[in-house]
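In: Okay, here's the prediction I keep looking at, along with the sequence it came from:
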Amino acid sequence: MLKKFFGNKETKSQEKIQFNIEGMTCDHCAVSIEKRFEKKKGINSKSVSYKDGLGTFEYNPDLIGEDEIIATINQGNQFKVKDEIGRTEESESNGNENYDLIIIGGGSAAFSASTTAADLGLSVLMVNAGLDIGGTCVNVGCVPSKYLIRSAEQIYRAQNSPFMGVSSANPIIDYKTIIREKKELVSTLQKKKYVDVVDRLDNVKILHGWANFVDSRTIEVDGNQYRAKKFLLATGATTKVPEIEGLPEIGLLTNESLFDLEELPKHLIVLGAGYIALEIAQAYNRFGTKMTLLHRSERILRTQSDDITKELTDQFVGEGIGVYTNVSIKQFEKNGDVVTAITDQGNFEGSHILVATGTKPNTFGMSIENAGVELNKTGHIIVNEKQETNVDHIYAAGDCTNTPAFVYTAAKEGKVAVLNAFQNTKEIVDYTGLPWVVFTDPQVAGAGLDEKEADALGIPFETSVMPLSEVPRAQAALDTRGFIKLIRNLESDLLIGARIIAPEGGELAMQASLAIKSGMTIKELADSFYPYLTLSEGIKLAAITFNKDVAELSCCAS
């Protein structure tokens, strides 16, 4: 564990750090390492011992960082820093608290980073504001939404039995109890997976408050300043509210506020048609809310291909959801309990407006410009594959960055950031074959490239589409909605992508992801064993379809 003390010097900050160094064979090696630092600014003293295998350095962190010290030792590959075994710090007597790592944020990336840092024996300050500890996923995102989606599916299944021998029914719906059970689930998981986890970490402190950068090494929270050797920005993202006349005045809802209403809305007008908008629209329609989707683009879920969005649109319209695309909203008005969207396609009246038009990164209101961190045009923090920003001691992870916005990628990014920051492991986050799911019914899922992406990369490709009407599992379940599409490289026969729309289709995403990541060919997929009467067998059938017509094959054929 790292040792640390704080002095009361009036000089600039000074740190002392000690490493185990491998590769030294004599005293001359130790002298050679010391000579590498003779012209390095910020190095106040250096002492390398061949006998003990140690290097001790006193340095000014404002002029040189630990990464540069390690890189200087490691250059040429003769010597290598094995691990850091101790550090002391002395800082200005200005009331600052000093830490190895300050994390701004309290979600998945932040917690993954804090547990990784704790394992390394680092002192950590986690500063959180906005959402409760746990961030979007457990509080207002993944956990509550999937609970509500599954509750709504239970209603829909009861009302729509496909079997002649099983009658449909109208279940009793107690919406208030549903919401209260949701709140209990969120509270339980938040405590178990976040609060209790950090409580067990003696060297991690949580501070509730809004952080503002004073400079690149100092933040201020509620009038108090805190310094750190390294920073991780993991501030997440929030709903992006479009600038439309009258919208701020009508009492709009987002997923954050909608999921806490204990009275079911009568008629929701949803702005947007991305995955959040679609998941909510279908679930609440099944609860009994009248749903109207207004979208400015030509089709829903426009990031996906036409065949997928057509299949999903047909399902939504068939369930009674109003889907309106190419809509330009001019303004909103409210009269009593009625809100009106005035558009170029007429007026739409409802009881509530739900905004689900995308997200914006939480990089505002924290004086990030004082840290010198570079943002892109959408306000996301620009990071490389090692989660490094343009400032050498500041890292970033999760939805506030220019990386894929998933809770599981955020967790990986947080861990990689800490390992690179403190151990110089040069780990990267590899998104090859990244799996994802949209939890509509049927679910939309994928991994790897689609046709448009493959074409943009100049990859010669071919697709195979297997309708679920040819998959035995779907036939037996009397639910043949959707299809499985595989995309292969024509030259190598490698699977490079998959797109799926099917009931529980998300369960196939990981299979496709692993096949892509491991470099499996279509022939290998087609020749593999799959349990009969599973949906996963559809992957095999889609692979076979590149070369054969499966409609002419017997069951279990290859």
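Out: Perfect, I can see it now. Bear in mind the structure is a predicted one, so any value in this text is a computation, not a measurement.

In: make it CA atoms for all contacts and neighbour counts henceforth
Out: OK.

In: any low-confidence regions in this protein?
Out: Applying pLDDT under 70 to the chain flags the ranges 1-13, 83-96, 554-558.

In: Now do the domain split for it, please.
Out: The chain is divided into the following domains under automatic domain parsing: 14-93, 99-238+361-423, 247-357, 435-552.

In: so which of those gets nearest residue 429?
Out: Nearest to residue 429 among those is domain 99-238+361-423 (5.7 Å), distances taken as Cα to Cα.

In: ok now the closest one, how far from the chain's centre?
Out: Remark: domain 99-238+361-423 is offset 8 Å from the chain centroid, using Cα atoms, centre = their mean, to the nearest Å.

In: Compute the first-to-last residue distance for that domain.
Out: 16 Å (Cα to Cα, to the nearest Å).

In: can you list the domains of the chain in JSON lines and add distance to residue 429?
Out: Formatted as JSON lines, the domains of the chain follow (distance: least, Cα to Cα, whole Å):
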{"stretch": "domain 14-93", "distance to residue 429": "19"}
{"stretch": "domain 99-238+361-423", "distance to residue 429": "6"}
{"stretch": "domain 247-357", "distance to residue 429": "23"}
{"stretch": "domain 435-552", "distance to residue 429": "13"}
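
In: can I get those in a markdown table with mean neighbour count?
Out: A markdown table is the format used below for these (neighbours: other Cα atoms under 10 Å):
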| stretch | mean neighbour count |
| --- | --- |
| domain 14-93 | 17 |
| domain 99-238+361-423 | 19 |
| domain 247-357 | 18 |
| domain 435-552 | 20 |
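
In: Sheet partners, orientation included, of the host helix or strand of residue 214?
Out: Assigned by DSSP states H and E, residue 214 belongs to strand 211-215. Using DSSP bridges, strand 211-215 pairs in its sheet with strand 218-221 (antiparallel).

In: got the contact list for the partner strand?
Out: 209-214, 225-228 (Cα atoms under 8 Å, 6 or more residues apart in numbering).

In: would JSON lines of the residues you listed with distance to residue 534 be doable?
Out: Output for the contacts of strand 218-221, formatted as JSON lines (distance: Cα to Cα, whole Å):
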{"residue": "209", "distance to residue 534": "50"}
{"residue": "210", "distance to residue 534": "50"}
{"residue": "211", "distance to residue 534": "50"}
{"residue": "212", "distance to residue 534": "53"}
{"residue": "213", "distance to residue 534": "54"}
{"residue": "214", "distance to residue 534": "57"}
{"residue": "225", "distance to residue 534": "58"}
{"residue": "226", "distance to residue 534": "55"}
{"residue": "227", "distance to residue 534": "55"}
{"residue": "228", "distance to residue 534": "52"}
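
In: so, if you compare these, which one comes nearest to residue 39?
Out: Closest to residue 39, out of all of those and judged by Cα to Cα, is residue 228, at 25.4 Å.

In: these two touch, right, the closest one and residue 99?
Out: Yes: using Cα atoms under 8 Å, residue 228 is in contact with residue 99, at 4.6 Å.

In: Distance-wise, check residue 125 relative to residue 340.
Out: Distance of residue 125 to residue 340, given as Cα to Cα: 46 Å.

In: oh sorry, the question was meant for residue 499
Out: For residue 499, the distance to residue 340 - Cα to Cα - is 37 Å.

In: check contacts around residue 369.
Out: Contacts of residue 369 (Cα under 8 Å, 6+ apart): residue 213.

In: quick one: contacts for residue 358?
Out: By Cα under 8 Å, 6+ apart, the contact set of residue 358 is 239-240, 272, 274.

In: That should have said residue 459, apologies.
Out: Counting by Cα under 8 Å, 6+ apart, residue 459 has contacts residue 489.

In: so how far is residue 144 from the spatially most central residue of the chain?
Out: Centroid-nearest residue in the chain, with Cα atoms, centre = their mean: residue 406, separated by 2.2 Å. Using Cα to Cα, we find residue 406 at a distance of 16 Å from residue 144.

In: Over to residue 380?
Out: 26 Å.

In: ok, now residue 220?
Out: Distance from residue 220 to residue 144, by Cα to Cα: 33 Å.

In: can you check residue 181 too?
Out: 10 Å.

In: thought the residue nearest to the centre of the chain was touching residue 412?
Out: No: counting by Cα under 8 Å, residue 406 sits too far from residue 412 to count as a contact (10.1 Å).

In: got a list of what residue 110 touches?
Out: 103-104, 126, 232, 234, 411, 414.

In: Closest one of those to residue 316?
Out: residue 411 (33.0 Å).

In: which SSE is that closest one in?
Out: Using DSSP H and E, residue 411 falls in helix 407-423.

In: and that helix, what does it pack onto?
Out: Applying 3 or more Cα pairs under 8 Å, 6 or more residues apart in numbering; DSSP states H and E, we find helix 407-423 packed against helix 66-74, helix 108-119, strand 224-233, strand 394-396.

In: Out of these, the one nearest residue 537 is which?
Out: helix 108-119 (33.5 Å).

In: the inter-axis angle of that closest one versus helix 407-423?
Out: 40 degrees (axes from the mean of the first three to the mean of the last three Cα atoms, to 10 degrees).

In: angle of helix 108-119 against strand 224-233?
Out: Using the same axes, to 10 degrees, helix 108-119 lies at 100 degrees relative to strand 224-233.

In: Determine which of the helices and strands packed on helix 407-423 approaches residue 440 most closely.
Out: helix 108-119 (23.5 Å).

In: So residue 392: helix, strand or coil?
Out: For residue 392, the assignment made with DSSP: H, G, I helix; E, B strand; the rest coil gives coil.

In: ugh, typo on my part, it should be residue 173
Out: Applying three-state DSSP: residue 173 is coil.

In: Let me see the backbone angles for the closest residue to it other than its chain neighbours.
Out: In space, not counting the residues next to it along the chain, residue 173 is nearest to residue 287; the distance is 7.7 Å by Cα to Cα, 6 or more residues apart in numbering. Main-chain torsions, residue 287, degrees, to the nearest 10: phi -70, psi -20.

In: same deal with the one 3 residues further on?
Out: Its backbone dihedrals place residue 290 at phi -70, psi 130, with angles given as degrees, to the nearest 10.

In: Specify the beta-bridge partners of it.
Out: residue 267.

In: is it true that it touches residue 264?
Out: No: taking contacts as Cα under 8 Å, residue 290 lies outside contact range of residue 264: 10.3 Å.

In: Return the member of the contacts of residue 110 nearest to residue 375.
Out: Distances from residue 375 to the contacts of residue 110, taken by Cα to Cα, are shortest for residue 234, at 14.0 Å.

In: Export the contacts of residue 110 to CSV and append columns for distance to residue 173.
Out: Shown next, in CSV, are the contacts of residue 110 (distance: Cα to Cα, whole Å):
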residue, distance to residue 173
103, 43
104, 41
126, 41
232, 45
234, 39
411, 36
414, 41
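
In: Name the nearest of those residues relative to residue 65.
Out: Of the contacts of residue 110, the one sitting nearest to residue 65 (Cα to Cα) turns out to be residue 232, at 15.4 Å.

In: could you measure residue 437 against residue 484, distance?
Out: 14 Å.

In: Mind jotting down where the helices sit in the stretch 251-400 of the chain?
Out: Assigned by DSSP state H, counting those that start in this stretch, the helices in the stretch 251-400 of the chain fall at 255-258, 275-287, 306-318.

In: quick one: secondary structure of residue 28?
Out: Secondary structure of residue 28, per three-state DSSP, is helix.
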